[in-house]
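**Student:** Sequence and computational prediction follow.
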Amino acid sequence: MDNPWSGRVSLVVDEVERPMALTLGALAELEVTLGDDTLVALVERFETGAFSSGDVLSLIVAGLRGGGWMVTRGELLSSDIAGGPMGAAKVAAQLLARAFLLPEERRA
């Protein structure tokens, strides 16, 4: 059954499709990773295109962990992500958008 509130996306890592979600726990871990930075500032960087590769990596790790795969940042550094850096950035942005949009605002 489709859950419009789930905000899930998927990412292919080392040729395996992995579900991603920014669950409450994943968001809490992301906040710890961001340190003095905020989720609002992270969203603003993605909205303006001023995000860093570290932002992308942090979002992907949080999303994969929220999706059930307890991957570490270090493990992901040596992984092959489908679409390369640009593909990773697109999926990270989509994950972030879906986490904060109401269901009626979401696009496929």
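**Tutor:** Structure received.
**Student:** for the chain, what spans make up the strands?
**Tutor:** Secondary structure of the chain (DSSP state E): strands located at 9-13, 16-20.
**Student:** highest average neighbour count across these?
**Tutor:** strand 9-13 (a mean of 20; mean count of other CB atoms under 10 Å). Any C-beta I mention is one placed from the backbone N, CA and C, and that applies to glycine too.
**Student:** Against which helices or strands is that one packed?
**Tutor:** In terms of contacts (3 or more CB pairs under 8 Å, 6 or more residues apart in numbering; DSSP states H and E), strand 9-13 is packed against strand 16-20, helix 53-66, helix 84-100.
**Student:** and among these, the most buried is which?
**Tutor:** Among the helices and strands packed on strand 9-13, helix 53-66 has the highest mean neighbour count (mean count of other CB under 10 Å), at a mean of 22.
**Student:** Pick out the shakiest of the helices and strands packed on strand 9-13, pLDDT-wise.
**Tutor:** Sorting the helices and strands packed on strand 9-13 by mean pLDDT places helix 84-100 lowest, at a mean of 92.
**Student:** isn't A82 right next to L11, touching?
**Tutor:** Yes. Using CB atoms under 8 Å, A82 is in contact with L11, at 7.1 Å.
**Student:** Adding distance to R45 as columns, could you present the helices and strands packed on strand 9-13 in TSV?
**Tutor:** Converted to TSV, these look like this (distance: least, CB to CB, whole Å):
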stretch	distance to R45
strand 16-20	19
helix 53-66	6
helix 84-100	10
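**Student:** Select, out of those, the one closest to D36.
**Tutor:** With CB to CB as the measure, helix 53-66 is the member of the helices and strands packed on strand 9-13 nearest D36 (13.9 Å).
**Student:** hey, C-alpha coordinates of the closest one in PDB?
**Tutor:** Once non-C-alpha atoms are left out, helix 53-66 reads as follows in PDB (Å, rounded to 0.1, in the frame of the first residue of the first chain):
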ATOM      1  CA  SER A  53      29.700  16.900  -1.400                       C
ATOM      2  CA  GLY A  54      29.800  16.500   2.400                       C
ATOM      3  CA  ASP A  55      26.200  17.600   2.500                       C
ATOM      4  CA  VAL A  56      25.300  15.000  -0.100                       C
ATOM      5  CA  LEU A  57      27.200  12.200   1.700                       C
ATOM      6  CA  SER A  58      25.700  13.100   5.100                       C
ATOM      7  CA  LEU A  59      22.100  13.000   3.600                       C
ATOM      8  CA  ILE A  60      22.700   9.700   1.800                       C
ATOM      9  CA  VAL A  61      24.100   8.000   4.900                       C
ATOM     10  CA  ALA A  62      21.200   9.300   7.000                       C
ATOM     11  CA  GLY A  63      18.700   8.200   4.400                       C
ATOM     12  CA  LEU A  64      20.200   4.700   3.900                       C
ATOM     13  CA  ARG A  65      20.300   4.200   7.700                       C
ATOM     14  CA  GLY A  66      16.600   5.400   7.900                       C
END
